[in-house]
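[1] compute the structure for the input listed below.
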Amino acid sequence: MSSRLVPLRGLGRATVLSAIAAGAFAATSGVAQGPALAMLDRLEPGLWEVRARDESDTVQLCVDNGRKLIQVRHRGEACRRFVIDDAPNMVTVQYTCPAGGYGHTRVRFENPRLAQLETQGIDNGLPFNFVAEARRLGPCPR
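    Next up, the predicted model:
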């Protein structure tokens, strides 16, 4: 069986070259993207207070990076995360924990010391659902 080139009828050389260049750009465009969940890296480390909007629940966390705000109800657990949305000012993450809990959290960036959280899921067999404000209070206590 012989191999031969089939001419691309109706397509000019410039069109074919443009298509090849576009394909090459698409294949390498992932290299130009920033790190996943980069918005969370803009939040300052330190002592943060997460206060539910209805003020029924307040938690203080020592945060070394903003990713800790994803799992407020499952702190310290090694949960598997799936990024649903990763925008410059908002991230949405679904996570599942080995102990059976799970959550869905949206973090919206206000400034390096203030973020808005919406989170829901199951913790210790019970559902949770709250909207909260996360605010940096200062440095973590030693």
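[2] and the helix or strand encompassing Cys62, what other elements does it pack with?
    According to DSSP states H and E, Cys62 maps onto strand 58-63. Judged by 3 or more Cβ pairs under 8 Å, 6 or more residues apart in numbering; DSSP states H and E, strand 58-63 is in contact with strand 46-52. The way it works is simple: take the backbone N, C-alpha and C, and place the C-beta from them, glycine included.
[3] paired strands for the strand it packs on, with orientation please.
    strand 58-63 (antiparallel), strand 126-138 (antiparallel) (DSSP bridges).
[4] just the mean pLDDT for that strand, thanks.
    If you average the pLDDT over strand 46-52, you get 95.
[5] buried residues in it, which are they?
    Neighbour-count burial for strand 46-52, with 16 or more other Cβ atoms under 10 Å as criterion, is recorded at 48, 50-52.
[6] point out where this structure drops to low pLDDT.
    Low-confidence segments of the chain, defined by pLDDT under 70, span residues 1-35.
[7] ranges for the strands of it?
    Counting by DSSP state E, residue ranges of the strands within the chain are 46-52, 58-63, 80-86, 90-96, 102-111, 114-123, 126-138.
[8] any chance of those in JSON lines, plus distance to Val72?
    Compiled in JSON lines, the strands of the chain are given as follows (distance: least, Cβ to Cβ, whole Å):
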{"stretch": "strand 46-52", "distance to Val72": "5"}
{"stretch": "strand 58-63", "distance to Val72": "6"}
{"stretch": "strand 80-86", "distance to Val72": "14"}
{"stretch": "strand 90-96", "distance to Val72": "11"}
{"stretch": "strand 102-111", "distance to Val72": "8"}
{"stretch": "strand 114-123", "distance to Val72": "6"}
{"stretch": "strand 126-138", "distance to Val72": "8"}
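[9] for Arg73, which of the ones you listed is the nearest?
    strand 114-123 (4.6 Å; Cβ to Cβ).
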